[in-house]
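Peer 1: When you get a sec, could you give me coordinates for this:
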Amino acid sequence: PTLVSALHARELLHFSCGWYHAFAIVATKQGRQVFCFGYNKHGQLGMHHCQHQPRPIPMQVPGCPLPDSKIVSITCGGFSTYFVSSDMEVWACGSNSRGQLGVGQFKGKAKWPVRIKSLSRKRVSTVACGFDHCF
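Peer 2: Below is the predicted model of the structure:
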């Protein structure tokens, strides 16, 4: 094991790993802060691009349509990521090669979190993922 220095001495609220990517939610004096790192070929880091973040230095997710304070849970699939907000909405980013994002028929990538409209007002509290699917 290797210490992830950017998370050292922080209160870790939530951590999730995908195939080669990871997310963390940490507590700060101002509220919550979301960090991500790793493989990003399919946009699974939600950073508006597909460049890898190979250093084990987490970074705040820029441009996320969800404020950090609203993200209560993150679940990583193989090449996708799902966010549950405090108002129980579900957002997703990454590969949709098999429709795993739940955002319609497009077979591309979502390089930033998009709301899964079919789950609106369903009061989702958690998401579970396999490699190419989620519940």
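Peer 1: okay, now the nearest residue to Gln53 once chain neighbours are set aside: neighbour count?
Peer 2: Closest residue to Gln53 apart from its sequence neighbours, by C-beta to C-beta, 6 or more residues apart in numbering: Phe37 at 4.8 Å. The way it works is simple: take the backbone N, C-alpha and C, and place the C-beta from them, glycine included. The local packing of Phe37 (other C-beta atoms under 10 Å) involves 22 other residues.
Peer 1: Tell me the pLDDT of Phe37.
Peer 2: As predicted, Phe37 sits at a pLDDT of 91.
Peer 1: Could you report the separation of it from Phe15?
Peer 2: Phe37 sits 11 Å away from Phe15, going by C-beta to C-beta, to the nearest Å.
Peer 1: what residues do the two have in common as contacts?
Peer 2: Listed contacts common to Phe37 and Phe15 are Ala22; contacts here mean C-beta atoms under 8 Å, 6 or more residues apart in numbering.
Peer 1: Give me the nearest residue to the residue nearest the centre of the chain, chain neighbours excluded.
Peer 2: Taking C-alpha atoms, centre = their mean as the criterion, Thr81 is the residue nearest the geometric centre of the chain, at 4.1 Å. Distance criterion C-beta to C-beta, 6+ apart; nearest residue to Thr81, sequence neighbours excluded, is Gln44 at 5.0 Å.
Peer 1: separation between that neighbour and Ser118?
Peer 2: Where Ser118 is concerned, Gln44 sits at a distance of 20 Å (C-beta to C-beta).
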